[in-house]
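Participant: I would like to see how this sequence folds:
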Amino acid sequence: MFVERMLTVVTSLRSQNRNVLEFMTEAIRASRRGSASPSVLPQESSSTESMTLAA
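Facilitator: Next up, the predicted model:
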């Protein structure tokens, strides 16, 4: 189960051209702090968000 989830995360991050090691480091830091973990979902740019809000 762990390997399947990790492969899914790695595939998702790579398809978004995001650094897998940075994501995993941030996820572990968040877990240790007890804060929210980073999202695997694609991140919208601020210009895209502005256009959505303006519409």
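
Participant: give me the pLDDT value at the closest residue to residue 14 other than its chain neighbours.
Facilitator: Residue nearest to residue 14 in three dimensions, not counting chain neighbours: residue 20, with 6.9 Å by C-beta to C-beta, 6 or more residues apart in numbering. The way it works is simple: take the backbone N, C-alpha and C, and place the C-beta from them, glycine included. We have a pLDDT of 97 for residue 20.

Participant: which regions of this structure sit below the pLDDT cut-off?
Facilitator: Across the chain, residues meeting the criterion (pLDDT under 70) sit at 45-55.

Participant: what ranges does it have for its helices?
Facilitator: 2-15, 20-33, 46-54 (DSSP state H).

Participant: between these, which one is closest to residue 40.
Facilitator: Across the helices of the chain, residue 40 has its closest neighbour in helix 2-15 (5.0 Å, C-beta to C-beta).

Participant: quick one: the closest one to helix 20-33, angle?
Facilitator: 120 degrees (axes from the mean of the first three to the mean of the last three C-alpha atoms, to 10 degrees).

Participant: give me the nearest residue to the residue nearest the centre of the chain, chain neighbours excluded.
Facilitator: What sits nearest the mean C-alpha location of the chain, by C-alpha atoms, centre = their mean, is residue 40, with 3.0 Å. Distance criterion C-beta to C-beta, 6+ apart; nearest residue to residue 40, sequence neighbours excluded, is residue 12 at 5.0 Å.

Participant: any idea how far residue 30 is from the one you found?
Facilitator: Residue 12 sits 17 Å away from residue 30, going by C-beta to C-beta, to the nearest Å.
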